[in-house]
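In: sequence first, predicted model second:
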Amino acid sequence: MSKYVAPALDKGLDILEYLSEIKIPQSQGEIAQGLNKSPNELYRMLVCLEQRGYLIKSLSSGKYALSLKLYQLSHRHSPIDGLLKSAKPVIEELANVTNQSCHLSMIYHGKLMVISQMRSPGPVSLSIEEGSLFPLTKTASGRVLLAFLDSDKTQHLLKSDAEFSALSKKDQKLFLMQLETIKKTGHEISESDLTMGVTDIAVPVGNPDLVTYCALAISSLTSINEKNKSGANFVDKLFEASNAIKSLIGEQ
């Protein structure tokens, strides 16, 4: 727990996060029940959030819903916006050249978040919803991102990762060795742990110490390994795209 506490602020943030998760308007009583609080505890928070424009209260039902203010705030002067603007055409070109689905991901609250994706131009393609969260240890992109972080940061993320904690000591050691191999080769090719019949290839993009640090990946429905021609070609194309994005965002 933090040395400094702000109960009112905590309650306000709890309300915003709860409504964001529920995604439908809720009454004061419903919000209180969902947060395991009494309605009276939340009254002032709801009034304040409504007055500041974060919540909209229905005149007919009296239920609260999120306004667009959080969306507007998240799109002001964000370095991620610059990354996405620069990366989008590069990812589109990569998808067209390889005829494969591609996506850009980054670490968010100990998970892997897909921030941009481009479907294959072919008749059959994979699609990964932007904003989706996945376990870091179960994805090629997540492992690539962990491999190039400072060792202390990697250990901190793994310590709070449920998937990693569930591994035996032997498997944890093998996983760390896998990260070392990724760091040496600069990329990973592996069958997806989450989707059958999919092969993922991922490379890092940018400086691990900056907020724009991310991973660029190709997800292929074709079986691929590093020994066949398509695998080597995809790796080369990924590195070219990664370098192009780094150049566009001023990191090269």
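Out: Arrived safely, thanks for sending.

In: from residue 31, how far out is residue 202?
Out: In this view, residue 202 and residue 31 are 40 Å apart by Cβ to Cβ, to the nearest Å. Quick note: C-beta positions are derived from backbone N, CA and C, even for glycine.

In: and for residue 82?
Out: Taking Cβ to Cβ, one finds residue 82 at 36 Å from residue 31.

In: now do residue 61
Out: 13 Å.

In: cool, and residue 40?
Out: Residue 40 is 12 Å from residue 31, by Cβ to Cβ.

In: swap in residue 165?
Out: 32 Å.

In: all the strands of this protein, in order from the start?
Out: 55-57, 64-66, 101-108, 111-118, 133-135, 188-191, 199-205, 214-220 (DSSP state E).

In: which residues does the nearest residue to residue 193 once chain neighbours are set aside contact?
Out: Leaving aside its sequence neighbours, residue 193 sits nearest to residue 138 (Cβ to Cβ, 6 or more residues apart in numbering; 4.4 Å). Contacts for residue 138 (Cβ atoms under 8 Å, 6 or more residues apart in numbering) come out as 163, 193, 194.

In: count of residues packed around residue 46?
Out: For residue 46, the count of nearby residues is 20 (other Cβ atoms under 10 Å).

In: where in the stretch 51-200 of the chain is pLDDT low?
Out: 75-77 (pLDDT under 70).

In: run the last query once more with 90
Out: In the predicted model, the stretch 51-200 of the chain carries pLDDT under 90 at residues 59, 68-83, 85, 99, 109, 119-132, 160, 190-199.

In: can you give me the domain assignment for this protein?
Out: 7-72, 79-248 (automatic domain parsing).

In: comparing those, which comes out most buried?
Out: When those are scored by mean count of other Cβ atoms under 10 Å, the highest mean neighbour count falls to domain 79-248 (a mean of 17).

In: so how far is that one from its chain's centroid?
Out: Chain-centre distance of domain 79-248: 11 Å, with Cα atoms, centre = their mean, to the nearest Å.

In: ends of that domain, what's the gap?
Out: This stretch, domain 79-248, spans 13 Å end to end (Cα to Cα, to the nearest Å).

In: do stretch 179-192 as well
Out: Start-to-end, stretch 179-192 (Cα to Cα) is 16 Å.

In: mind checking how far the residue nearest to residue 193 is from residue 161?
Out: In terms of Cβ to Cβ, residue 138 sits 10 Å off from residue 161.

In: same thing with residue 65?
Out: Distance of residue 65 to residue 161, given as Cβ to Cβ: 33 Å.

In: which residue ranges form the helices in the chain?
Out: Along the chain, the stretches classed as helices by DSSP state H are 7-22, 28-34, 39-51, 69-74, 79-98, 140-148, 151-159, 162-165, 169-185, 229-248.

In: how about the contacts made by the nearest residue to residue 239 once chain neighbours are set aside?
Out: Among residues not flanking residue 239 along the chain, residue 203 sits closest, at 5.9 Å (Cβ to Cβ, 6+ apart). By Cβ under 8 Å, 6+ apart, the residues touching residue 203 are 144, 186, 187, 215, 216, 217, 235, 238, 239, 242.

In: what sits against residue 241?
Out: Applying Cβ under 8 Å, 6+ apart, we find residue 241 in contact with 90, 91, 93, 94, 102, 216.
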